[in-house]
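Q: pasted the sequence and its predicted model underneath.
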Amino acid sequence: MSALNSVCLTQTKHMEITASKKLRIHTWPEKILRKRCRRVKVVNDEIRSFLDQMHALMTIYKGIGIAANQAGIDLSLLVIETPEHCLKLVNPRIIKKEGKAKILEGCLSFPELEIEVQRAKKIWISALNDKGENVDMEVEGVMAIIFQHEIDHLSGIVFIDRIPFWKRLKLAGKLKQIKQVTQHALPKQNA
């Protein structure tokens, strides 16, 4: 386990109780999932706290990536964790794409739904880390897919938007079921 990963796990254990009270996973078709998240102007303790809480929430739900709007936060933040990396990024953007890859994707905001999505095989990303430092990365394979999925969320794009219309029609029953569960869980709010 890397030192960075160890730090993330320690922070997660500390934040678990707080995160479960303050944040929750927003599911389809809640409006915040379609919202373009606001850019962060300054990386400060409040932003770091949001990132820690997002990480804790993602860990509770056994995810490998989470965008801020999935947790109900209208800010351009994401957290991605693999066995090798724990990345907490601010204002991430893709600056270049290369190649094509298809992979079966899941999403915390679409429980029990997996779909094959075509994305770039390799991408270049620019962001700030949780200290406010510039970070430029080149990622490929599964990591590139995860980054594209989460950065899409920050732009109000969900993975069903990345598949052909006829495939979405085939998923209509499952999407309706997710929508009903969401609406049942939030009876006093408009989804």
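A: Here it is on my side, so go on. Residues are numbered from 1 along each chain as shown.
Q: could you point out which element follows the lengthiest strand in the chain?
A: The strand that spans the most residues within the chain, counting by DSSP state E, is strand 86-98. Downstream of strand 86-98, the first helix or strand assigned by DSSP states H and E is strand 101-107.
Q: just the C-alpha atoms of that following strand, please, in PDB.
A: Output of strand 101-107 as PDB, limited to C-alpha atoms (Å, rounded to 0.1, in the frame of the first residue of the first chain):
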ATOM      1  CA  ALA A 101     -11.700   1.500 -25.900                       C
ATOM      2  CA  LYS A 102     -15.000  -0.100 -24.800                       C
ATOM      3  CA  ILE A 103     -15.500  -1.300 -21.300                       C
ATOM      4  CA  LEU A 104     -18.500  -2.300 -19.100                       C
ATOM      5  CA  GLU A 105     -19.100   0.600 -16.700                       C
ATOM      6  CA  GLY A 106     -21.100   0.900 -13.500                       C
ATOM      7  CA  CYS A 107     -22.100   4.000 -11.600                       C
END
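Q: quick revisit: what's the longest strand of the chain in contact with?
A: For strand 86-98, the external contacting residues (Cβ atoms under 8 Å, 6 or more residues apart in numbering) are 4-5, 7-9, 39-40, 43, 47-48, 51-52, 54-55, 76-81, 120-130, 132, 135, 147-148, 150-151, 154. (Glycine included, C-beta is placed from N, CA and C.)
Q: how does it look with 6 Å?
A: 4-5, 8, 39-40, 43, 51, 76-80, 120, 122-128, 130, 151 (Cβ atoms under 6 Å, 6 or more residues apart in numbering).
Q: quick one: buried ones out of the residues you listed?
A: Among these, those classed as buried by 16 or more other Cβ atoms under 10 Å are 8, 40, 43, 51, 76-80, 120, 122-125, 127-128, 130, 151.
Q: rewinding a little: which of the contacts of strand 86-98 fall within strands?
A: 77-80, 122-128.
Q: quick check: the farthest pair among the residues you listed?
A: Farthest-apart pair in those is 77 and 122; separation 23.6 Å (Cβ to Cβ).
Q: may I see the buried residues of stretch 32-49?
A: 32-33, 37, 40, 43, 47-48.
Q: quick one: end-to-end length of it, please.
A: 20 Å (Cα to Cα, to the nearest Å).
Q: which residues sit against that stretch?
A: Under the contact criterion Cβ under 6 Å, 6+ apart, stretch 32-49 has outside partners 26, 68-69, 74-76, 90-91, 109, 128, 130, 132, 154-156, 158.
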